[in-house]
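*Asks:* Provided below are the primary sequence and the corresponding predicted coordinates.
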Amino acid sequence: MKKSSNEFIVIGLMLFALFFGAGNLIFPAFMGQCSGWNTSYATIGFLITGVTIPFASVLAICYSGLNLKELASRVHPIYGVFFSCALYLTIGPFFAIPRTSAVSFEIAISPFVNEGNKDIALYAFVFIFFAITWWLAITPSKLVSRIGKCMTPLLLIFLAIMLGSAFVFPMGGEVAPVEAYDTPMKAFSSALVEGYNTMDCLAGLVFGVIVMEAIREYGLTSNTEATKTALRSGLVSTVFMAIIYASLCYLGASSVSVLGHLDNGAPVLAGSAHFYFGNSGTMILGATVILACLTTSIGLTASCAAFFHTLVPKFSHKMWASFFVILSFCIALFGLSAIIKGAIPVLLFLYPLSIALIILTFTHSWFGGGRKVYIAATFFTFLPALYDALKFLKISMGALDPFMASLPLASYSLSWLLFFVGGTIIGLVWKAVAK
């Protein structure tokens, strides 16, 4: 394909479609409920980790010209395998795939089921959802892409109408925030970590290869050209995502006086649809969310199966897909709130490592790409990231706890930034001494 002047628009829309998932809609809505009149501060924090850093992860892949495994192998080949496996499992069968079915159930089915029958309804729905996922993931078909192309625009149209209604006819005023969001700084930092739940930074490190290949189809062969086009394209995607997320934050903040504080964002969306459009609105939203989440589930299952098949070709693509579907089915039975809570310690561990790798990728030429810098920076990021994950699980580290608590940014789970900077400096000194 020849290079054109508007390729960045096409690629930007493709990038938006890759990142835009029905499952991600629940997090800004829930955060809006929690942040109340501090929603504007929370929105800024959420957009940094939910939009800006995922965009940077795609740029990092385009800038390096490598895939995820090759990029992480700059630290060490073993780390490359470990890190890429951890990311695929997180955005795959451990959390993201089960979350697609759980979100679909909470939005589309739960509002119409009695409380006493919800467990049975959840088990039945999840079984059907993953039976369809398994069949389409192992069967080459254009059906999935066709459904995806239809569902994303339909979901966007419905959201635009509902969010427009929320601005013109708000359900209520902003109320007092919960404790974790009760000051502007706490709202900003809590939302910064809440943005981890989108998992888009991790997904961007996987999607980056798709974007890079699409860019090269337009005749842009060098990494510099690809990065510039990805940068322009990303602005298209980023603007759309920022508008949607900010609007959902406002919707959540204005819904508390009518819906009350809810366990997660799914019932916020379902309740808002019912408030503005009645049962028909809830059903329309539910149907589009089910189909949108189903296409995401199928795509993630096929991608994870393809990746692990390359690592362990002894097991076929079909066997890997079957295994991941069964695992996702079992995890989905715990329900949406449990899946979200279970993902937090894993994301507290993986996000700092991902951001560290992104920064090292962009500064690669500044330090000559020395492996010692990669090793030291990653090792010193690994330690506090692991500590924050264990801390969330309420696992005590004894004498280490007071020291970690005394560090700047520790109360915001961001002390790893100091370790990363320190590790990078140590790596630079190590490289200079070794030379």
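*Replies:* Happy to help now that I have it.
*Asks:* so where's the stretch 201-350 of the chain shaky on pLDDT?
*Replies:* Low-confidence segments of the stretch 201-350 of the chain (pLDDT under 70): 219-221.
*Asks:* What's the local residue count around the residue nearest to residue 390 when sequence neighbours are not counted?
*Replies:* Among residues not flanking residue 390 along the chain, residue 397 sits closest, at 6.8 Å (Cβ to Cβ, 6 or more residues apart in numbering). The C-beta positions use only the backbone N, C-alpha and C, and glycine is treated the same way. A count of nearby residues for residue 397, using other Cβ atoms under 10 Å, gives 13.
*Asks:* Name the SS class of residue 397, please.
*Replies:* Classification of residue 397 by DSSP: H, G, I helix; E, B strand; the rest coil places it in coil.
*Asks:* and if you look at residue 24?
*Replies:* Assigned by three-state DSSP, the conformation of residue 24 is helix.
*Asks:* where does it land on pLDDT?
*Replies:* pLDDT for residue 24: 85.
*Asks:* doesn't residue 194 make contact with it?
*Replies:* No: the pair residue 24 / residue 194 is not scored as a contact, 11.6 Å apart, by Cβ atoms under 8 Å.
*Asks:* The residue nearest to residue 390 is in contact with residue 387, isn't it?
*Replies:* Yes: if you go by Cβ under 8 Å, residue 397 and residue 387 touch, sitting 6.5 Å apart.
*Asks:* Give me the common contacts of the two.
*Replies:* residue 404 (Cβ atoms under 8 Å, 6 or more residues apart in numbering).
*Asks:* how near is the residue nearest to residue 265 when sequence neighbours are not counted to residue 262?
*Replies:* The shortest distance from residue 265 to any residue other than its chain neighbours is 3.0 Å, reached at residue 26 (Cβ to Cβ, 6+ apart). For residue 26, the distance to residue 262 equals 10 Å [Cβ to Cβ, to the nearest Å].
*Asks:* ok, now residue 401?
*Replies:* Distance, residue 401 to residue 262, by Cβ to Cβ: 33 Å.
*Asks:* between these two, who's got more neighbours?
*Replies:* Ranked by neighbour count (other Cβ under 10 Å), residue 401 and residue 262 place residue 262 first, with 19 against 12.
*Asks:* Check the burial of the closest residue to the more buried one other than its chain neighbours by counting its neighbours.
*Replies:* Of all residues not flanking residue 262 in the chain, residue 268 sits nearest, at 5.6 Å (Cβ to Cβ, 6+ apart). By the measure other Cβ under 10 Å, the count of residues near residue 268 is 28.
*Asks:* Same check on the one 10 residues further on?
*Replies:* Burial of residue 278 is recorded as 10 neighbouring residues (other Cβ under 10 Å).
*Asks:* again with the one 5 residues further on
*Replies:* Applying other Cβ under 10 Å, we find 16 other residues in the vicinity of residue 283.
*Asks:* got it, and the one 3 residues further on?
*Replies:* Neighbouring residues of residue 286 were enumerated by other Cβ under 10 Å; the total is 22.
*Asks:* can you pull the contacts of it?
*Replies:* Residue 286 makes contact with 104, 107-109, 111, 270, according to Cβ under 8 Å, 6+ apart.
*Asks:* Could you save those residues as JSON lines and add columns showing secondary structure?
*Replies:* Putting those into JSON lines (three-state DSSP) gives the following:
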{"residue": "104", "secondary structure": "helix"}
{"residue": "107", "secondary structure": "helix"}
{"residue": "108", "secondary structure": "helix"}
{"residue": "109", "secondary structure": "helix"}
{"residue": "111", "secondary structure": "helix"}
{"residue": "270", "secondary structure": "helix"}
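*Asks:* Mind jotting down where the helices sit in the stretch 251-400 of the chain?
*Replies:* According to DSSP state H, counting those that start in this stretch, the stretch 251-400 of the chain carries its helices in the segments 265-311, 317-332, 336-362, 371-392, 400-406.
*Asks:* For the residue nearest to residue 390, give its distance to residue 303.
*Replies:* As judged by Cβ to Cβ, residue 397 and residue 303 stand 36 Å apart.
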